[in-house]
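Based on what follows, work out the 3D shape:
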Amino acid sequence: QTLVALPLPLFNRNQGGIYNAYHELRRAQAEIERTELALRDSFAVAFRSYESAYERVTVIRDELLPDAQSALDMTNQGFQTGELPLSEVLSSRELYFETVLEYTTALTELRVAANEVEGMQLSGGLNPAELGTAIQGAGGSASQRRAVQQLLQQQGNGQLKRFTPGTTGD
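Numbering: from 1, shown residues only. Sure thing, here's the model as predicted:
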């Protein structure tokens, strides 16, 4: 007597495959949500930086620079009429040039912040989950997050590794 057994999939409705596909879909949806939240957070930080820089430029341009210019003009006139010593003119010029330098620095910071806001879609939005989580967990400014990203990419030589903020990964 010979016994032959053949598996007949009479009741197999691929429930394991369906279960795995469902959980893979949930994981992908959670990753999309994580990416959206990380992008919103990064954008909020970058936009706050932009607003702050814009306000600083406006205050310097509209208030401090005209005041420094009028003080310089008045001391120059006072020196020409002999009412003020040269040291007052030099102090006024120093104040004016420091204000111009501060204005230039503020304009540079504004341009950097504007570039960061404009380039948000190019920096870190589509990172894999491990890298995105490490960057998001690093906190701080967008430039600090970019530094974390570069560090991770250098450490991994193209392959991402687990990273916990505050460590060097060694």
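
Where do the helices of the chain begin and end?
Here the chain has its helices, by DSSP state H, at 15-59, 65-80, 86-118, 129-138, 142-156.

Looking at the ones you listed, which one is packed in the most?
helix 129-138 (a mean of 18; mean count of other CB atoms under 10 Å). Using the backbone N, CA and C atoms, a C-beta is placed for each residue, glycine as well.

quick one: average pLDDT of that helix?
On average, the pLDDT along helix 129-138 is 53.

Numbering from 33 from now on, please.
Sure, I'll start numbering at 33, so the last one becomes helix 161-170.

And residue 116, its phi and psi?
Main-chain torsions, residue 116, degrees, to the nearest 10: phi -120, psi 150.

what's it in contact with, if anything?
Neighbour list for residue 116: 107, 110 [criterion: CB atoms under 8 Å, 6 or more residues apart in numbering].

quick one: it and residue 110, what's the gap?
For residue 116, the distance to residue 110 equals 4 Å [CB to CB, to the nearest Å].

again, but for residue 62
70 Å.

Would you reformat the helices of the chain as JSON lines and include distance to residue 39?
What follows is those, written out as JSON lines (distance: least, CB to CB, whole Å):
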{"stretch": "helix 47-91", "distance to residue 39": "15"}
{"stretch": "helix 97-112", "distance to residue 39": "85"}
{"stretch": "helix 118-150", "distance to residue 39": "60"}
{"stretch": "helix 161-170", "distance to residue 39": "38"}
{"stretch": "helix 174-188", "distance to residue 39": "44"}
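
between the ones you listed, which gets the lowest average pLDDT?
When those are compared by mean pLDDT, helix 161-170 comes last with a mean of 53.

Return the residues in contact with residue 142.
82, 85-86, 88-89.

go again using 6 Å as the cut-off
85-86, 89 (CB atoms under 6 Å, 6 or more residues apart in numbering).

Closest one to residue 152 out of these, please.
residue 85 (15.8 Å; CB to CB).

Quick check: chain neighbours aside, which residue is closest to the closest one?
Leaving aside its sequence neighbours, residue 85 sits nearest to residue 142 (CB to CB, 6 or more residues apart in numbering; 4.0 Å).
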